[in-house]
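J.: Build me a model:
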Amino acid sequence: MDNIVEKVLKPQNQTSVFIKRKRTFTLAFLGVAALFGISAAITNYDVIDGFESIPKAAYWMARNFIPDEKAWSRLPDILAKLSETALVSVAVTVCAAICAFFFSLLGTETTKTARWLARTVRIVAAFFRNVPDVVWAILLLFSFGQNILTGFFALFFATFGLLTRTFIETIDEVSASCVEALHATGATGLQTVFNGVIPSSLPEIISWVLYMIETNIRASTLIGVLTATGIGYLFDLYYKRMDYSSAGLVVTSIVILVITIEMLSNKTRKVIM
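T.: Sure, this is the predicted structure:
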């Protein structure tokens, strides 16, 4: 008798769950559609004109952003600025990763630090992480002016906040069991870090560092527009002079660099993971 009741109730329960999910998805879709409609009405955005402008924009880019002979003559300068941007991004990421790792050891529950200290570390990391690098660049412009140091610190602060948060979560997830075993054997704090935390979490940490290098190369282009440095400065210069062919070569070189870095990162991740 009980088996018969279970067989009758089980399809009904599955049907009710399906109906609830369908209702939730429908409400979510309607909410997003309503939000889009309200935003378009407030900003006077015409959806039809927006879609009609896409082919026109693509045609304009195909005509103006194709590099010509004059643009190719500037390739050495573009490559020099591109390498400068890439090297700065790598330096920023490595410095921020080192600082974030040691800072994250104070914020993780695995190392059993004081609760107030761990909470303070998380608050500081959240502050640096939630302020965009562009905002940092604008704020630092008043102190350091338009130079490479401004871009370095702007990327450093944002990278430091994000990596500190991710390192804390990585250490808590990966190193918990290993650290507990070391604590049971009477290991000191430094022994726990070097024999437990670092070996167990190092692959994930390296993966995050490689990801941030890719991200910072893209972000440093926009930062360079503000700080008048790197490849972003060249793009801004050519674009404002309406030298669109040279600006197109800059964009192409950035895309090739980002794809190359991503391919190398993926291969490195496959080796270490």
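
J.: For the stretch 1-150 of the chain, which residues score under the pLDDT cut-off?
T.: Within the stretch 1-150 of the chain, the stretches with pLDDT under 70 are 1-18, 111-112.

J.: Show me this protein divided up by domain.
T.: 2-64, 69-272 (automatic domain parsing).

J.: could I get these as CSV with mean neighbour count?
T.: From N, CA and C alone the C-beta is placed, and that goes for glycine too. Below are the domains of the chain laid out as CSV (neighbours: other C-beta atoms under 10 Å):
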stretch, mean neighbour count
domain 2-64, 10
domain 69-272, 18
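
J.: If you count contacts, what does the helix or strand hosting residue 264 end up packed against?
T.: Counting by DSSP states H and E, the element that carries residue 264 is helix 244-272. Taking 3 or more C-beta pairs under 8 Å, 6 or more residues apart in numbering; DSSP states H and E as the contact definition, the neighbouring helices and strands of helix 244-272 are helix 47-64, helix 69-72, helix 75-107, helix 198-227, helix 230-240.

J.: what do you get if the cut-off is 6 Å, keeping everything else the same?
T.: For helix 244-272, the contact count by 3 or more C-beta pairs under 6 Å, 6 or more residues apart in numbering; DSSP states H and E identifies helix 69-72, helix 75-107, helix 198-227, helix 230-240 as packing neighbours.

J.: And those: which comes nearest residue 162?
T.: Nearest of those to residue 162, taken as C-beta to C-beta: helix 198-227 at 7.1 Å.

J.: distance between that closest one and the chain's centre?
T.: Helix 198-227 has its average C-alpha position 7 Å from the chain's average C-alpha position, going by C-alpha atoms, centre = their mean, to the nearest Å.

J.: What is that helix packed up against?
T.: Judged by 3+ C-beta pairs under 6 Å, 6+ apart, helix 198-227 is in contact with helix 75-107, helix 133-144, helix 148-174, helix 230-240, helix 244-272.

J.: now those in JSON lines, with distance to residue 61?
T.: Supplementary listing: the helices and strands packed on helix 198-227 in JSON lines, determined by distance: least, C-beta to C-beta, whole Å:
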{"stretch": "helix 75-107", "distance to residue 61": "18"}
{"stretch": "helix 133-144", "distance to residue 61": "24"}
{"stretch": "helix 148-174", "distance to residue 61": "27"}
{"stretch": "helix 230-240", "distance to residue 61": "12"}
{"stretch": "helix 244-272", "distance to residue 61": "8"}
